[in-house]
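*Asks:* Next come a sequence and a model predicted from it.
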Amino acid sequence: MRVVLFTGKGGVGKTTLAAATAAHLAAAGRPALAVSTDPAHSLGDALEADLTGEPRELAPGLWAAHVDTRALLDRSWAQLQGHLRTLLAGAGVDELVADELTVLPGVEDLLALGEVRRLAESGPWEVVVVDCGPTAETLRLLGLPEALSGYVERLFPAHRRAVRGMLAGLAPGGREAAPAWESTIAAVDALAEDLAALRALLGDHTRTSIRLVLTPERVVAAETRRTITALALHGLRVDDVVVNRVMPRPPPSLRGPAARWLRERHTEQQAVLADLDALDLPLRTSAYAAAEPTGRTALAAVAAALYGADDPAAPGTAAGPLLQVHRTAGTGTSRDSEFELVLRLPGAAGGALDLTRIGDELAVTLDGTRRMVALPAVLQRCEVTGARLADDDLVVVFAPDPEVWMR
């Protein structure tokens, strides 16, 4: 099973390219599901079909659906929210405060991701093509499993959930309340497992691909660079960059004001494409069509020109790990040891960077995007002595903390 996520700045044509990719796969005999998590739900317009939350087969091998987050919220979250209130009330939290604590930010996005995972694992399709929302919403969407995993762990740690029988016996209300506590702890465990599975799915390069769509404009290209860096900060790798609406070169015989405009536009777009080559990512281009491509026939033509003989669902070129730790001095437990934590952040050069050590984690903030990086055991006994950006790598230097190094 492959999951291919399309995202990009609003209006760049990501929905069209996602729909075209799904239609192309289905026409090639590879069952595909196109699903939208974009609140605008334009996927149905592109496919010229009325879509609901349940997959509908539009043609042999081609299914489509849109995720209705409001229905998911009403159906799935209310029950878990009640369990969390029970848990907090048992911990002595005031009822009104408990209500506020169980309103998790971005829960609709979390449910949308969970629904994509459910659909990916439940149908006859070989590939799931996801039309995500605009870039900012997608960054929040893809970063949620990791962020909420931390929230759940702080709210009710795994080691406490492991002794659920003891906690149920000690719960307010005595033995009569024990079944409610058992079901509450089981629900929290299920949430933690779902979050872990989502993180694993998104971070697995062999199962999930992220495609960034943009138009050849400098402002859009700048946002794309920041998005690539922000995704890398979340531990997610972009496979392909797709440049949409590329103008053809006008023939030399064309004259007049329209011809001058076309040449200037073409020249500007080619300059942007040249700059994008520095991203060191596969770059695909899609020509500017005279008419908006809608319907399976027009979409299939777009995909054929975009992919040629390539597999639209193939994972990108394998790359090294996004996070590595190296020893750069000393051996064994010597106090003159030095270590470097290297976090690969494509496009990070020139960004506003901030580092903060918080207990056993390192808070990395780049251009407003933050990630909590759990430090390996050896670095937990060290202190940060320096940091630098080396091309696309953030290098943080650690040296042993004398107070805890040998403990």
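*Replies:* Done, it's in.
*Asks:* Tell me both backbone torsions, phi and psi, for the residue nearest to residue 265 when sequence neighbours are not counted.
*Replies:* Excluding its sequence neighbours, the residue lying closest to residue 265 (CB to CB, 6 or more residues apart in numbering) is residue 247, at 5.2 Å. Just so you know, the C-beta spots here come from the backbone N, C-alpha and C atoms, and that holds for glycine as well. Taking degrees, to the nearest 10, you get phi -80, psi 140 for the backbone angles of residue 247.
*Asks:* strands paired with the helix or strand hosting residue 285, and their directions?
*Replies:* Assigned by DSSP states H and E, residue 285 belongs to strand 283-287. Strand 283-287 has the following strand partners under DSSP bridges: strand 240-246 (parallel).
*Asks:* Return the set of buried residues in the partner strand.
*Replies:* Neighbour counts using 16 or more other CB atoms under 10 Å place 240, 241, 242, 243, 244, 245, 246 of strand 240-246 among the buried residues.
*Asks:* Same question for stretch 245-264.
*Replies:* Those buried within stretch 245-264 under the rule 16+ other CB under 10 Å are 245, 246, 247, 250, 262.
*Asks:* Please list all residues in contact with the nearest residue to residue 237 once chain neighbours are set aside.
*Replies:* In space, and not counting its chain neighbours, residue 237 is closest to residue 205: 5.9 Å by CB to CB, 6+ apart. Listed by CB atoms under 8 Å, 6 or more residues apart in numbering, the contact set of residue 205 reads 237, 239, 315, 316, 318.
*Asks:* average model confidence for the helix or strand hosting residue 200?
*Replies:* Taking DSSP H and E as the definition, residue 200 sits inside helix 178-203. Per-residue pLDDT over helix 178-203 has a mean of 68.
*Asks:* could you point out which element follows it?
*Replies:* strand 208-214.
*Asks:* Quick one: name whatever helix or strand follows that next one.
*Replies:* By DSSP H and E, the next helix or strand past strand 208-214 is helix 218-233.
*Asks:* residues in contact with the residue nearest to residue 265?
*Replies:* 262, 265, 266, 269, 288 are the contacts of residue 247 under CB under 8 Å, 6+ apart.
*Asks:* so what's it scoring on pLDDT?
*Replies:* Looking at residue 247, the pLDDT reads 92.
*Asks:* oh, and call the first residue 23 from now on, that's how I've got it
*Replies:* Happy to do that; since the first residue is 23 now, the last one works out to residue 269.
*Asks:* Now do the helices in this protein.
*Replies:* Using DSSP state H, the helices of the chain run over 36-49, 65-69, 91-94, 100-112, 117-123, 129-144, 157-177, 180-183, 186-192, 200-225, 240-255, 279-298, 318-329, 399-402.
*Asks:* So residue 327 sits against residue 308, correct?
*Replies:* Yes: at 6.8 Å, residue 327 and residue 308 qualify as touching, with contact defined as CB atoms under 8 Å.
*Asks:* who's more crowded, the two?
*Replies:* Using other CB atoms under 10 Å as the criterion, residue 327 and residue 308 rank with residue 308 on top: 22 against 14.
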